[in-house]
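Visitor: have a look; sequence and predicted model below, questions after that.
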Amino acid sequence: MKKLADEAAAAAAAEAASKHSAEAAATTSSSQQYTVIRGDNLWDISAKPSVYDNPYQWPLIYKNNSDQIKDADLIYPGQKLDINTNPSSADVDAAVAHAKSRGSWSLGVVEASDTAYLAR
C-alpha cells in the first residue's frame, strides 16, 4: 500500500514538473530576436509586419531592451534586440500612449518621459 502511495506521489510530482517545463517553454517562445541593420530605428522596426505592425509600439522594444538601449533614439547596427511577441494589452496601451505623448527628442539625450516610461 505504501509503495503504491509513493508511486502515485512520484507520478504526480513528475506530471507537475512536466507541466512547469511546458509553461516555461511557452514563455520562452513568446519572444524573437531582431538584429539591427544600418538605418534602423525603433519606430521602423516596430512597424514591420514581422514585429508589431504598428510603429507606435516601439516603446515595447525599448523597455524590453533597456539594458542595452540607453537612448531610444540611438540604436546601432549589429545590436540584437529581444522582441516580446506576446505583450499584455496593458503594456501595449502604455507603449502607444508614451509614443504618442513623448514630445520632442534629441540624439544622445535620454528624455525625461522615456525615463518615466521605463520606471512603470
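Guide: The structure has been received and is ready for your questions. Here the structure is a predicted model, which is why all the values come from computation and not from measurement.

Visitor: distance from stretch 102-110 to the middle of the chain?
Guide: 22 Å (CA atoms, centre = their mean, to the nearest Å).

Visitor: lowest-pLDDT helix or strand in the protein?
Guide: Every helix and strand of the chain was ranked by mean pLDDT, DSSP states H and E. The lowest is helix 2-28, at a mean of 46.

Visitor: tell me which residues of stretch 60-77 are tucked away?
Guide: By neighbour count on 16 or more other CB atoms under 10 Å, the buried set for stretch 60-77 is 60, 61, 62, 63, 64, 65, 69, 72, 73, 75. From N, CA and C alone the C-beta is placed, and that goes for glycine too.

Visitor: just the CA trace of that stretch, in PDB.
Guide: Output of stretch 60-77 as PDB, limited to C-alpha atoms (Å, rounded to 0.1, in the frame of the first residue of the first chain):
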ATOM      1  CA  LEU A  60       7.800  47.900 -26.100                       C
ATOM      2  CA  ILE A  61      11.100  47.200 -27.800                       C
ATOM      3  CA  TYR A  62      12.800  50.000 -25.900                       C
ATOM      4  CA  LYS A  63      11.600  48.700 -22.500                       C
ATOM      5  CA  ASN A  64      12.400  45.100 -23.300                       C
ATOM      6  CA  ASN A  65      16.000  46.100 -24.200                       C
ATOM      7  CA  SER A  66      16.600  48.900 -21.700                       C
ATOM      8  CA  ASP A  67      19.700  47.100 -20.500                       C
ATOM      9  CA  GLN A  68      21.400  47.800 -23.900                       C
ATOM     10  CA  ILE A  69      19.500  50.800 -25.200                       C
ATOM     11  CA  LYS A  70      20.200  53.900 -23.200                       C
ATOM     12  CA  ASP A  71      18.700  56.500 -25.600                       C
ATOM     13  CA  ALA A  72      15.700  55.300 -27.500                       C
ATOM     14  CA  ASP A  73      16.800  57.400 -30.400                       C
ATOM     15  CA  LEU A  74      20.200  55.700 -30.800                       C
ATOM     16  CA  ILE A  75      20.500  52.000 -31.800                       C
ATOM     17  CA  TYR A  76      23.400  50.500 -33.600                       C
ATOM     18  CA  PRO A  77      23.900  48.000 -36.400                       C
END
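
Visitor: hmm, who's touching that stretch?
Guide: Residues outside stretch 60-77 that contact it (CB atoms under 8 Å, 6 or more residues apart in numbering) are 34, 36-38, 40-42, 45-46, 51-52, 58-59, 79, 81-84, 87, 91-92, 95, 105-111, 114, 117-118.
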